[in-house]
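Participant: Sequence first, then the predicted structure, then my questions.
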Amino acid sequence: MKKISLFLGIVLFSSVTVYSQQLTLNAESGNRAIEVANCWQFAGQTYTSAASERISGSFSLISGQMNSFSLTNSYVKTPWMKVGAGNITFQTKLGNQPSTVARGLRVSYIAYNAASPSTGFESSPVVFYTYDYTLLDFNVINFSVPIPVSIQNSTTLYKIMVSYVGQGGSGKVFSDNYVFPGTYWSNPANSCNPLPLVAPLDSDGDGVIDSEDEYPNDPTRAYNTYFPTQTQFGTLAFEDNWPTKGDYDFNDVVIDYNFKTVTNAAGNVVEIVSAFILRASGANYNNGFGFSLDGIASNKISKVEGNSPGSFASAVNGVEFGQTTATFIVFDNYFRIMPKPGTGVGVNTEKLAPFVMPINMLMTIKFIENGTPPPGGVVHISQLNQSVFNYFIVVNGTRGREVHMPDRVPTALASMSLLGTGDDSSNPATARYYRTSGNLPWAINIVQGYQYTIERASIDLGYNYFIEWASSAGVLYPNWYMNLPGYRNSEKIY
């Protein structure tokens, strides 16, 4: 939300509070010029530090001698303000001077009048509270004056004026500790004229102004966040021979991804729009692809649209059936979405085979649908970073044979008996998954994007430092996939 900034010409030791839900004046600055600089107005009022005259603190206000019932003879007037609700509070007492005939106070409001610059844009005062002192009111009186309902929580501007009136004699009125409910709206840098009244537009009323709201006409949506970025795709590449290494070419399933997460004004996730590009598959198997959101329960999802789970069963809300963690099958068979060209192995892994245009898929996971949360409740954006996304393939339609990124936990439908067999050294007791004894993985996630190797070319033949990177758990050659001198063998890359 954008905030108004204001330069105060004099602020040191000021007894005025600005930019809060109330305006206060307690005279403790000891210098009326400070209050005037902050747009308070006075007539017939000075400061007193005499012990017999003070109400509290080191200073209080003292009226001049009053011989008029005019509202403008002796007063304290606030800066321009957006009036709130509640009570105006302040304290007063009479001075004990002889021959005083009558003393009183009047509280009024003054509306902003844009057509009257000659009066400082002030309309005529409207009195809404009256008090007449008895001539024995020498003790402190605590006033609590309700704000009129007609101006409470105003969207227009007002000043409040407390006037001291009377006739006869030399009796004065001491006052202090004024509190006015509302928001300061004057500009000391512009002759104390009001700040602009036009509030930032919030067309859908969700509390996010239109200039910051990516869905200004939809109260159920407000913000978009992207991964990796709005225009960038990451790449996932899998080897499907797990738990053995096989040809280790990492082109059995190659998919680019981009996620747009939509949240509402409260930061709760409304939906994830998942864009996938199927680029290549050099597999003999009919492999499926999916991901789970670790730590997010299945009943926190309202609906899933755009995926193709095929032979894998889905629950009513579209998540995979039998999973307590929200799990999504994007497709069950790569070649059902992107058919083979008829020659060569798979799709787009042999340079001499026909090229097939990549296939785009758009899958939407709805958390809150039409403003209604799912049975499991909402998910806040803070619970949904990229470490939650747990990608995997299902090999050749065998649901229990999942291949995940290294050290990512299999889903509830995975066959745990396959862990630790073949070349795999998984050990659930130590949270080790999908690594060989030398730390080599069966799946990689390159956020910056990735050019995969050709069919039957082991990944280390295309990328000279892949083994060093993987075996060092990412410490060595973290940029192994980049096109740097000596890093690649281009004839092995598709």
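Facilitator: Cool, got the structure.
Participant: list the buried ones in stretch 253-268?
Facilitator: Taking 16 or more other Cβ atoms under 10 Å as the neighbour-count basis, stretch 253-268 is seen to contain the buried residues 253-259, 261-265, 268. Any C-beta I mention is one placed from the backbone N, CA and C, and that applies to glycine too.
Participant: Wait, Trp444 touches Tyr463, no?
Facilitator: Actually, residue 444 is Ile rather than Trp. No: contact between Ile444 and Tyr463 fails when scored by Cβ atoms under 8 Å: they sit 10.2 Å apart.
Participant: Domain-wise, how is the protein divided?
Facilitator: The record's domain split for the chain, according to automatic domain parsing, is 22-194, 211-492.
Participant: so which of those domains gets nearest Ser203?
Facilitator: When the domains of the chain are compared for distance to Ser203 using Cβ to Cβ, the nearest one is domain 211-492, at 4.9 Å.
Participant: For the closest one, measure first residue to last.
Facilitator: Between the opening and closing residues of domain 211-492 we find a distance of 49 Å, counting by Cα to Cα, to the nearest Å.
Participant: One more: stretch 375-383?
Facilitator: Across its full length, stretch 375-383 reaches 17 Å between end residues, using Cα to Cα.
Participant: Could you do stretch 52-69 as well?
Facilitator: Note: stretch 52-69 ends 26 Å apart using Cα to Cα.
Participant: Next: stretch 152-170.
Facilitator: Using Cα to Cα, the two ends of stretch 152-170 sit 37 Å apart.
Participant: If you average the pLDDT over that stretch, what comes out?
Facilitator: Averaged across stretch 152-170, the pLDDT comes to 90.
Participant: Pick out the residue closest to the middle of the chain.
Facilitator: Centrality entry for the chain: nearest residue to the mean C-alpha point is Gly267, 5.5 Å, by Cα atoms, centre = their mean.
Participant: pretty sure Glu369 is touching Ser302, no?
Facilitator: Yes: because the distance of 4.2 Å satisfies Cβ under 8 Å, Glu369 is recorded as touching Ser302.
Participant: who has more neighbours, these two?
Facilitator: Summary of the neighbour comparison: Glu369 and Ser302, criterion other Cβ atoms under 10 Å, with Ser302 having more neighbours (20 against 15).
Participant: who's in contact with that one?
Facilitator: The contact partners of Ser302, taken as Cβ atoms under 8 Å, 6 or more residues apart in numbering, are 317, 366-369, 372-374.
Participant: What does it show for phi and psi?
Facilitator: According to degrees, to the nearest 10, the main-chain angles of Ser302 amount to phi -90, psi -40.
Participant: What's the separation between it and Lys366?
Facilitator: Summarising the geometry, the distance separating Ser302 from Lys366, computed by Cβ to Cβ, to the nearest Å, is 5 Å.
Participant: same check, this time on Pro219
Facilitator: 16 Å.
Participant: Let's verify Phe328: helix, strand, or coil?
Facilitator: strand (DSSP: H, G, I helix; E, B strand; the rest coil).
Participant: That one: neighbour count?
Facilitator: Applying other Cβ under 10 Å, we find 22 residues neighbouring Phe328.
Participant: Name all residues that make contact with Val36.
Facilitator: With contact set as Cβ under 8 Å, 6+ apart, Val36 has these partners: Phe42.
Participant: hang on, the earlier thing: so for Ile444 and Tyr463, which sits in the more crowded spot?
Facilitator: When neighbours are counted by other Cβ under 10 Å, Tyr463 comes out ahead of the other of Ile444 and Tyr463, with 25 against 20.
Participant: Pull the contacting residues for the more buried one.
Facilitator: Shown in contact with Tyr463 (Cβ under 8 Å, 6+ apart): 453, 480-481, 487-489.
Participant: give me that answer again for 10 Å
Facilitator: Under the criterion of Cβ atoms under 10 Å, 6 or more residues apart in numbering, the neighbours of Tyr463 are 250, 450-453, 469, 477, 480-482, 487-489, 492-493.
Participant: Can you name the residues bridging to it?
Facilitator: Arg488 (DSSP bridges).
Participant: residue ranges with poor pLDDT in the stretch 251-400 of the chain?
Facilitator: Screening the stretch 251-400 of the chain residue by residue with the criterion pLDDT under 70, one finds no matching range.
Participant: now the strands for it?
Facilitator: In the stretch 251-400 of the chain, strands defined by DSSP state E, counting those that start in this stretch lie at 253-263, 269-280, 288-297, 303-305, 325-331, 359-366, 389-394, listed in chain order.
Participant: Of all the ones you listed, which one comes closest to Phe143?
Facilitator: When the strands of the stretch 251-400 of the chain are compared for distance to Phe143 using Cβ to Cβ, the nearest one is strand 253-263, at 47.5 Å.
Participant: any idea how far the residue nearest to the centre of the chain lies from Ser175?
Facilitator: When Cβ to Cβ is applied, the distance between Gly267 and Ser175 equals 47 Å.
Participant: Filter the contacts of Tyr463 down to the ones in helices?
Facilitator: Cross-referencing the contacts of Tyr463 with the helices (criterion: DSSP state H) gives Trp469 as the overlap.
Participant: any idea which of the contacts of Tyr463 is closest to Ala414?
Facilitator: Checking the contacts of Tyr463 against Ala414 by Cβ to Cβ gives Phe250 as the nearest, at 20.5 Å.
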